[in-house]
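Student: Below: sequence and its predicted model.
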Amino acid sequence: MKIALGCDHAGYALKDAVVKFLADKNIELIDLGAYEYDKEDGYPAPAFRVGRAVADEEADAGILMCGTGYGIAISANKIPGIRAMACSTPENARIAKAHNNINVITLGGRVITPEEVPAILDTWLTTPFEGGRHIQRLNEIAQMEKSTLMAQFPSGGRVVVFNHPLIQHKVGIIRSVDTSVKQFRELLHEIAGLMVYEITRSLPLTEKEVVTPIEKTTVRTIEGRKMAIVPVLRAGLGMVDGILQLVPNAKVGHIGLYRDPETLQPVEYYCKLPFDIEDREIFILDPMLATGGSSSAAISLIKKRGGKKISLVCLIGAPEGIEKVHSDHPDVDIFIAALDSHLNDHGYIVPGLGDAGDRLFGTK
């Protein structure tokens, strides 16, 4: 078993006791700080680090500590998939695990003593989840989590805005008017590759047996569901290789659309999709989600040809585009690297980055 550990200054007093307990149980520890006492340390940062490690399955569970255990639990629970609860007694820990199947336990350095830590943690780790009626309640929570940003965009489904530092750093560079065509291409490729980790999070896993050089073991592998990526020409082409680098077996379709100068409506001029598109997990690539017209039209084309499980992957989006897509297609998840404020009078995203196709191919 592998457990991620984090704390702020107020929880630091319990850290040694937690580390010793885990060592005595031969449990592997991922120490995500704080590494020394600093009275200015706050609880959100360690909560997000540990929560992310558990959600990304880098750790099997997490232990967090602040003054009361409350603030750090609130912070960790902002991450989809995390069920964190403050426990101050073994009985708290037993019920939290049996009924709520918490995967992150939080402790309060001002509430309990280091001597009380072992009994609380041991109860948490050894208590089985009861299942039964509690499963339905946890499933309801999971469904709520799928509606990320629903309050901001009430007309449709899930919107995931990436906050990873590497993605935000590269988005900042790609926006600059001084970024060359070569740099723009490289950055779009890199950002798309980084986004793969989140957009494929829901792919189902199954277990199979393999033989290592040492012994037989059971491993987790992606289930038989197949993937397709469909760039919207032309700017969507810049995202293809970044995704194929990590998912090389994905099939690639293409959709070509242009905007009629009189009606301003998208017009199809090309559509070529994998023959078994109805059986595939489909990711449409359209870097700029501005008015949402072309993205919505692309989704409609794929649905007409039998596509069912469709997600939209964009570099930068505007609220108007999200509203349009979710108004037309409330079942489609939207993944974007950055959400900007609005569209200007010419339909460009503000602050945006200009025309992605022109900057990608150097045509302006």
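Tutor: Done, it's in.
Student: Tell me which helix or strand in the protein has the weakest average pLDDT.
Tutor: helix 133-145 (a mean of 78; mean pLDDT, DSSP states H and E).
Student: from the middle of its chain, how far away would it be?
Tutor: The chain centroid and the centroid of helix 133-145 are separated by 19 Å under CA atoms, centre = their mean, to the nearest Å.
Student: What is it packed up against?
Tutor: helix 90-100 (3 or more CB pairs under 8 Å, 6 or more residues apart in numbering; DSSP states H and E). Every residue, glycine included, has its C-beta placed from N, CA and C.
Student: Let me see the contact set for the closest residue in space to H342 that isn't next to it in sequence.
Tutor: In space, and not counting its chain neighbours, H342 is closest to V350: 5.5 Å by CB to CB, 6 or more residues apart in numbering. By CB atoms under 8 Å, 6 or more residues apart in numbering, V350 lies in contact with 318, 340-344.
Student: ok and the least confident helix or strand of the chain relative to helix 90-100, angle-wise?
Tutor: Angle of helix 133-145 versus helix 90-100, following axes from the mean of the first three to the mean of the last three CA atoms, to 10 degrees, is 70 degrees.
Student: Which is the succeeding secondary structure element to helix 133-145?
Tutor: Remark: after helix 133-145, the chain's next helix or strand is strand 159-161, criterion DSSP states H and E.
Student: Show me what that next one pairs with in its sheet, parallel or antiparallel.
Tutor: In the sheet, strand 159-161 lines up against strand 333-339 (parallel) (DSSP bridges).
Student: ok, so what distance separates the residue nearest to H342 from N344?
Tutor: 5 Å (CB to CB, to the nearest Å).
Student: T127 too?
Tutor: 57 Å.
Student: who has more neighbours, the two?
Tutor: A side-by-side neighbour count of T127 and N344, using other CB atoms under 10 Å, places T127 first with 17 against 12.
Student: For the spatially closest residue to that one that is not a sequence neighbour, give me its contacts.
Tutor: For T127, ignoring the flanking residues on the chain, the nearest one in space by CB to CB, 6+ apart is K97 at 4.1 Å. By CB under 8 Å, 6+ apart, the contact list for K97 reads 123-124, 127-129.
Student: Which among the residues you listed count as buried?
Tutor: 123-124, 127 (16 or more other CB atoms under 10 Å).
Student: Which residues are in contact with the most centrally placed residue in the chain?
Tutor: Centroid check for the chain by CA atoms, centre = their mean gives E198 as the closest residue, at 4.1 Å. Counting by CB under 8 Å, 6+ apart, E198 touches 160, 162, 335.
Student: Please enumerate the helices of the protein.
Tutor: Along the chain, the segments classed as helices by DSSP state H run 15-24, 44-55, 70-76, 90-100, 117-126, 133-145, 165-175, 181-199, 237-244, 293-304, 319-328, 356-361.
Student: weakest of the ones you listed by average pLDDT?
Tutor: Among those, helix 133-145 has the lowest mean pLDDT, at a mean of 78.
Student: residues in contact with that one?
Tutor: Residues outside helix 133-145 that contact it (CB under 8 Å, 6+ apart): 80-81, 83, 98-101.
Student: and which of those is nearest to L360?
Tutor: Distance to L360, by CB to CB, is smallest for P80 among the contacts of helix 133-145, at 31.9 Å.
Student: can you pull the pLDDT of I349?
Tutor: The model's pLDDT for I349 equals 93.
Student: what separates it from H342, distance-wise?
Tutor: 8 Å.
Student: intersection of neighbour lists for the two?
Tutor: If you check I349 and H342 against CB under 8 Å, 6+ apart, the residues they both contact are A318.
Student: who has more neighbours, these two?
Tutor: Each of I349 and H342 has its neighbours counted (other CB under 10 Å); I349 has more, 26 against 11.
Student: Now do the contacts for I334.
Tutor: Applying CB under 8 Å, 6+ apart, we find I334 in contact with 157-160, 289, 311-312, 314, 317, 322, 325-326.
Student: what do you get for G253?
Tutor: Applying CB under 8 Å, 6+ apart, we find G253 in contact with 228-230, 271-274, 277.
Student: ok, so what distance separates A318 from S295?
Tutor: 11 Å.
Student: what's the overlap in contacts for these two?
Tutor: In terms of CB under 8 Å, 6+ apart, A318 and S295 are both contacted by the residues L289.
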